[in-house]
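Novice: Return a 3D structure for these sequence lines:
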Amino acid sequence: SAPNPGCAAGTSGASCEYDYCLGVVDEASATLANTIRSQAAGTSAYAPNSRCGWRITSTTAHVELKFTELAIENGFDFVKIYEGATAPTGFSLTAPAAEPKLLYAATGSTLPPKLVFAAPVFVTFESDGLGNTAVKSDGTPDSNGGFDLKYRSLSGSSDIPANGICDGDWTSPIKNCKLDHCTGTQKRDGAHVHGEFSSSSGQSAADATDYPAMTTCRWEFEVSPGFTGLSFKATFWDIEASGALTSTTDAVKIYNNDEDGTLVGTLKGGDDPAEWEFEFTSTSGKFVAVFASDLNNPVPKKGF
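Specialist: Sure, this is the predicted structure:
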């Protein structure tokens, strides 16, 4: 049965006969919060092989998203938030001309803070077919699991600090300065003699908890006129490392010019940062550093 936009949150079907989400539903946000769910309230567990999408539009410039429940299988089941109204591959009959930008991915049981995005956004939920092994935030099994996500419109940028979301600069592309991890592209405008960058946002990585899965962050640098190089030194480094039982791709990679340029350095977990003080040279005086994390961290890692 096709999705029915008139069904209660977490139910689906032509007559709302299913107690789990299904297909893609259009949702219009208002100043009062509405809710989307992985399954009907009070049901025992979310369905395996779920593939659900919600296109959230707004008559205002911004939409606020707040998780009130999150207990899904860590590293296997994901709630993802994309920029714009375009459905990503797998959520429409035809593939999009260009994949929408992934803004945020949530997995496991740690509740994210309130998130604010430029409207509209497209939210997806996917679960695998291996059963629900979700755990609660204290690490004990959660026989129910699933997620609840409230969303509402914000009438203008003045509402954002007024609602306690951000009192200072926003973290692009997620309009939220309370996140403890980097997001998107951070461009360092102008020439740089010295500075720092971090997997955390607004705090030291040493004070962070666990950088999230499937995060990609970029920092663009341009050195002062007359100079062609930069040196990099890690003052704090706690990144997942490959071992006998685990394999990870988490790393910071540094390129000349951009990702299509020459890869001049790869910084991985398990390496000794005391040995790092690289000096990289670029004929254009431009560099980009890219941090990408994979599906999950079996053990929490703070970042760098």
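Novice: and the residue nearest to Ala95 when sequence neighbours are not counted, how far is that from Asn257?
Specialist: Among residues not flanking Ala95 along the chain, Thr89 sits closest, at 5.0 Å (CB to CB, 6 or more residues apart in numbering). All C-beta spots, glycine's among them, are computed from the backbone N, C-alpha and C. As defined by CB to CB, to the nearest Å, Thr89 lies at a distance of 29 Å from Asn257.
Novice: ok, the two, which is more surrounded?
Specialist: Ranked by neighbour count (other CB atoms under 10 Å), Thr89 and Asn257 place Asn257 first, with 15 against 10.
Novice: Please report how far the more buried one lies from Glu222.
Specialist: Asn257 sits 10 Å away from Glu222 when distances are taken as CB to CB.
Novice: got any residues that touch both of these two?
Specialist: When contacts are counted by CB atoms under 8 Å, 6 or more residues apart in numbering, Asn257 and Glu222 are jointly contacted by Lys286, Phe287.
Novice: so where's the stretch 151-300 of the chain shaky on pLDDT?
Specialist: Counting by pLDDT under 70, the stretch 151-300 of the chain has low-confidence residues at 155-181, 183-194, 201-204, 228, 244-246, 259, 274-284, 296-298.
Novice: Let me see the ranges of the helices in it.
Specialist: Per DSSP state H, counting those that start in this stretch, the stretch 151-300 of the chain carries helices over the ranges 159-162.
Novice: rewinding a little: using just helix, strand and coil, how would you label the residue nearest to Ala95?
Specialist: Three-state assignment for Thr89 (DSSP: H, G, I helix; E, B strand; the rest coil): coil.
Novice: Make residue 1 into 32 and carry on from there
Specialist: Right, with 32 as the first residue, what we last looked at is Thr120.
Novice: ok, residues contacting stretch 40-60?
Specialist: Applying CB under 8 Å, 6+ apart, the external contacts of stretch 40-60 come out as 32-39, 65-72, 74, 77-78, 81-90, 94, 118, 122-123, 150, 156, 177, 179, 182-184.
Novice: Drop anything exposed from the residues you listed.
Specialist: When neighbours are counted using 16 or more other CB atoms under 10 Å, the contacts of stretch 40-60 contain these buried positions: 34-35, 38, 65-71, 74, 77-78, 81, 83-87, 89, 94, 118, 122, 150, 156, 177, 179, 182-184.
Novice: So which of these sit within helices?
Specialist: Within the buried ones among the contacts of stretch 40-60, membership in helices is found for no residue, as judged by DSSP state H.
Novice: need the contact list for the residue nearest to Ala126.
Specialist: Contacts of Thr120 (CB under 8 Å, 6+ apart): Ala126, Pro127, Glu130.
Novice: Could you find the closest non-adjacent residue to the second one?
Specialist: Leaving aside its chain neighbours, Pro127 sits nearest to Thr117 (5.1 Å; criterion: CB to CB, 6+ apart).
Novice: Tell me, how many residues neighbour that neighbour?
Specialist: Summarising burial for Thr117: neighbours were counted as other CB under 10 Å, giving 17.
Novice: residues touching it, list them.
Specialist: Pro127, Ala129, Pro131, Phe153 are the contacts of Thr117 under CB under 8 Å, 6+ apart.
Novice: how about a cut-off of 10 Å?
Specialist: Residues in contact with Thr117, defined by CB atoms under 10 Å, 6 or more residues apart in numbering, are Arg86, Ser123, Pro127, Ala128, Ala129, Glu130, Pro131, Lys132, Pro151, Phe153.
Novice: how close does Thr280 sit to Thr297?
Specialist: When Thr280 is compared with Thr297 (using CB to CB), they lie 10 Å apart.
Novice: if we can go back for a sec, and the contacts of Thr117, which are buried?
Specialist: Neighbour counting by 16+ other CB under 10 Å classes Arg86, Pro131, Pro151, Phe153 among these as buried.
Novice: Among those residues, which one lies nearest to Ala265?
Specialist: The closest of the buried ones among the contacts of Thr117 to Ala265 turns out to be Pro131 (CB to CB; 32.9 Å).
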